[in-house]
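Novice: this one's sequence-less:
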């Protein structure tokens, strides 16, 4: 399922992506589906070529470039973001909060990754754990149809001894490594090089696996993102955005630029925007007075006429209207539920909503991100990261932090079973370098 090495899976996903991205594919959808089910390799390749030649539907209202110049030209100008003026101690506290929040939110969501919000709600109700206030308890025995994912042995209450290995934290670690190797002037080619040296292919998924395959086959960016990669607007890039925000306090323009250099290796359009938005949001979190203002400021770094910008504006409007969490989540489902469960747009909407309706409470924030369904570990991680960088480590209750034991497991070569505090210290070093890379007076594209 969602295997870029299987041409049938690629063809099925390409049909779905073309449809939600505004392309006119209805005329040959049936023959494509037939090729997915029973077609030869040659037939599948012909149908894939037909999909790639499809035209946008007349009247499609969105403008969604994939090149950096085009993306930046599509930003909506807004007010300036205050410069970060915190002390070294405050910087470390914020970054500790970001790393710990990301780990806790990710661990929380892993046992129910891929579950519907209805199924999550049933489990929580049976377990007496609704609303979420702590790591998920393990029911013994599991009720029929409510068996947690196998990772429950290291991610449920009483069974956690570290941050479990997960791609949501692997890529954050790899981003730190890229900065340590290349500084702030890296490009997608350098990111791809580090993937092949430090990231096992077998632990990559969807767009990242497609891009990795393309790297091995000799493609170079941006072609790595487009060739037989129907997952190019899915959430994989969005989960890689945090590090670029961590090292750009109060500078969302720089955070989003760094995010583009990473995202464009494997993603296009809203897939790129998701990573740029997450990075900008974290950079804004350092200096925003509250999470709503951080989200509002981060929107200046999403192309104004994109589907992602529309979704994030919708969430802000629902919050302004005073809707309840349940009402808002239902609206998100109605408007964006047609996207794949690991697409960028619907999951970004859930993250934004969790931050808003979490109302400055860490447990409620990551709890809502997970209760909201879809990509629960990704959404819990991003929401926790943004919360942590905004309010600092002291705002995260100890029952989320203590079980991690300051340790993180990772598939990144050279980084397994390291101290979270060591990663924080190394991130602080890179954030201090930000001032040298982007001195006062450099335009921030606001």
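Specialist: Perfect, thanks for sending it. Keep in mind that what you see is a predicted model, and the values were worked out from it rather than measured.
Novice: helices and strands of the chain: which one bottoms out on pLDDT?
Specialist: helix 420-437 (a mean of 93; mean pLDDT, DSSP states H and E).
Novice: outside of that helix, which residues touch it?
Specialist: Defining contact as CB atoms under 8 Å, 6 or more residues apart in numbering, one finds that helix 420-437 is touched by 88, 91-92, 95-96, 99-100, 103, 163, 173, 176, 179-180, 183-184, 243, 246-249, 251, 254, 404, 406-408. Quick note: C-beta positions are derived from backbone N, CA and C, even for glycine.
Novice: Quick one, which of those residues are buried?
Specialist: By neighbour count, with 16 or more other CB atoms under 10 Å, the contacts of helix 420-437 hold 91-92, 95-96, 99-100, 103, 163, 173, 176, 179, 184, 243, 246-249, 251, 254, 404, 406-408 as buried.
Novice: could you pull out the strands for the chain?
Specialist: Per DSSP state E, the chain carries strands over the ranges 407-408, 418-419.
Novice: JSON lines for those strands, including mean pLDDT and distance to residue 287?
Specialist: Converted to JSON lines, the strands of the chain look like this (pLDDT from 0 to 100; distance: least, CB to CB, whole Å):
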{"stretch": "strand 407-408", "mean pLDDT": "98", "distance to residue 287": "27"}
{"stretch": "strand 418-419", "mean pLDDT": "98", "distance to residue 287": "28"}
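Novice: May I have the residues that are in contact with the closest residue to residue 93 other than its chain neighbours?
Specialist: Once flanking residues are discounted, residue 93 sits nearest to residue 392: 4.4 Å by CB to CB, 6 or more residues apart in numbering. Residue 392 is in contact with 90, 93, 94, 96, 97, counting by CB under 8 Å, 6+ apart.
Novice: how many neighbours does residue 433 have?
Specialist: 15 (other CB atoms under 10 Å).
Novice: for residue 59, same thing?
Specialist: When counting by other CB under 10 Å, one arrives at 6 neighbours for residue 59.
Novice: Flag every buried residue along the least confident helix or strand of the chain.
Specialist: 420, 423, 424, 426, 427, 428, 430, 431, 434, 437.
Novice: Who are the contact partners of the nearest residue to residue 13 once chain neighbours are set aside?
Specialist: Nearest non-adjacent residue to residue 13, counting by CB to CB, 6+ apart: residue 230, 3.7 Å away. Shown in contact with residue 230 (CB under 8 Å, 6+ apart): 4, 10, 13, 14, 16, 17, 210.
Novice: quick one: the third one from residue 347, how far?
Specialist: Separation of residue 13 from residue 347 (CB to CB, to the nearest Å) stands at 17 Å.
Novice: So those two - more neighbours on which side?
Specialist: The neighbour comparison of residue 13 against residue 347 (other CB under 10 Å) goes to residue 347, with 30 against 25.
Novice: Quick check: that one touching residue 377?
Specialist: No - with contact defined as CB atoms under 8 Å, residue 347 does not reach residue 377; the gap is 10.8 Å.
Novice: I'd like the distance between residue 292 and residue 311.
Specialist: Residue 292 is 16 Å from residue 311, by CB to CB.
Novice: just to revisit the earlier point, from the chain's centre, how far out is the least confident helix or strand of the chain? Work that out for me.
Specialist: Here helix 420-437 is found 21 Å from its chain centre; the criterion is CA atoms, centre = their mean, to the nearest Å.
Novice: Please apply the same query to stretch 287-301.
Specialist: Taking mean C-alpha positions (CA atoms, centre = their mean), stretch 287-301 and its chain are 17 Å apart.
Novice: For the stretch 151-300 of the chain, just list every one of the helices.
Specialist: 152-155, 167-182, 188-198, 206-216, 223-226, 242-246, 252-263, 269-285, 291-298 (DSSP state H, counting those that start in this stretch).
Novice: can you redo those helices as TSV with mean pLDDT?
Specialist: Formatted as TSV, the helices of the stretch 151-300 of the chain follow (pLDDT from 0 to 100):
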stretch	mean pLDDT
helix 152-155	98
helix 167-182	98
helix 188-198	98
helix 206-216	98
helix 223-226	98
helix 242-246	98
helix 252-263	98
helix 269-285	98
helix 291-298	97
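Novice: closest one to residue 119 among those helices?
Specialist: Closest approach to residue 119 among those (CB to CB): helix 152-155, 14.6 Å.
Novice: which helices and strands sit right next to that closest one?
Specialist: With contacts defined as 3 or more CB pairs under 8 Å, 6 or more residues apart in numbering; DSSP states H and E, helix 152-155 has no helix or strand neighbours.
Novice: Just the buried positions in that helix, please.
Specialist: By neighbour count with 16+ other CB under 10 Å, helix 152-155 contains the buried residues 152, 154, 155.
Novice: Please apply the same query to stretch 191-208.
Specialist: 191, 192, 194, 195, 198, 199, 204, 205, 206, 207, 208.
Novice: Would you mind stating the distance between the closest residue to residue 65 other than its chain neighbours and residue 31?
Specialist: Residue nearest to residue 65 in three dimensions, not counting chain neighbours: residue 71, with 5.5 Å by CB to CB, 6+ apart. Using CB to CB, residue 71 is found at 35 Å from residue 31.
Novice: Between these two, which has more neighbouring residues?
Specialist: Neighbours were counted for residue 71 and for residue 31 using other CB under 10 Å; residue 71 has more, 23 against 14.
Novice: thought the more buried one was touching residue 269?
Specialist: No - assessed by CB under 8 Å, residue 71 is found out of contact with residue 269, at 9.2 Å.
Novice: Check the contact lists of the two and give me the overlap.
Specialist: What both residue 71 and residue 269 touch, as defined by CB under 8 Å, 6+ apart, is the set residue 65.
Novice: Would you map the helices across the stretch 301-446 of the chain?
Specialist: Using DSSP H, counting those that start in this stretch, helices in the stretch 301-446 of the chain cover 307-320, 325-336, 344-357, 362-371, 376-391, 398-401, 420-437.
Novice: next one: the stretch 1-150 of the chain
Specialist: According to DSSP H, counting those that start in this stretch, the helices that the stretch 1-150 of the chain contains are 7-20, 29-38, 41-52, 68-73, 88-109, 117-127.
Novice: hang on, the earlier thing: the more surrounded of residue 292 and residue 311?
Specialist: residue 311 (23 against 16).
Novice: show me what contacts that one?
Specialist: Counting by CB under 8 Å, 6+ apart, residue 311 touches 332, 335, 336, 345, 346, 348, 349.
Novice: what about 10 Å?
Specialist: 270, 302, 332, 335-336, 339, 344-350, 352 (CB atoms under 10 Å, 6 or more residues apart in numbering).
Novice: Low-confidence stretches in this structure?
Specialist: Filtered on pLDDT under 70, the chain yields the residue ranges 78-79, 438-446.
Novice: redo that, cut-off 50
Specialist: 439-446 (pLDDT under 50).
Novice: Would you map out the domains in it?
Specialist: 7-52, 68-437 (automatic domain parsing).
Novice: Which of those domains sits closest to residue 59?
Specialist: Across those, closest to residue 59 is domain 7-52 (CB to CB), at 9.3 Å.
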